[in-house]
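J.: here are the coordinates; sequence isn't available:
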């Protein structure tokens, strides 16, 4: 059974940067699309960035486009989310997820990490 572990969360001031990492184990990593999603209490989980299995394609939600960059290292079984110009609205628990289909539909992702908290203070 595959496992994903996120790290890099924490507290930042508005305008600062953080980088999240998602390390995979127990799966053939370069077979999987990876998504970063986030959830604020009381809100629906939102997919914010997606990267294809090869890393050749990436998608971003409008809310993070131009500020966040997703990348992956298939040798290290790791996906990164570089978050620049953080805003208080970015405060949420961030999850990475793995799926075998190139899609933005969250139900297609069947392996999830436990999440890491990002707090962007104003």
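T.: Thanks, I have it. These figures come from a predicted structure and were not determined experimentally.

J.: Find the centremost residue of this structure, please.
T.: Taking CA atoms, centre = their mean as the criterion, residue 36 is the residue nearest the geometric centre of the chain, at 2.3 Å.

J.: That one should be in a strand, yeah?
T.: Yes. Secondary structure of residue 36 (DSSP: H, G, I helix; E, B strand; the rest coil): part of a strand.

J.: Is residue 117 bridged to anything, and to what?
T.: The partner list for residue 117 in beta bridges (DSSP bridges) reads residue 93.

J.: now it: how far from residue 72?
T.: For residue 117, the distance to residue 72 under the criterion CB to CB, to the nearest Å works out to 22 Å. Bear in mind the C-beta positions are built from the backbone N, C-alpha and C, glycine included.

J.: can you list contacts of the host helix or strand of residue 69?
T.: Taking DSSP states H and E as the definition, one finds residue 69 inside strand 68-73. By CB atoms under 8 Å, 6 or more residues apart in numbering, the list of residues contacting strand 68-73 from outside reads 34, 36, 48-51, 55, 58, 60, 78-84.

J.: Neighbours of residue 43, how many?
T.: 9 (other CB atoms under 10 Å).

J.: can you confirm it is in a strand?
T.: No. Going by three-state DSSP, the assignment for residue 43 is coil, not a strand.

J.: Please renumber the chain so that the first residue is 487 from this point on.
T.: Okay, residue one is now 487; in that scheme the one you just asked about reads as residue 529.

J.: who are the neighbours in contact with it?
T.: With CB under 8 Å, 6+ apart as the criterion, no residue contacts residue 529.
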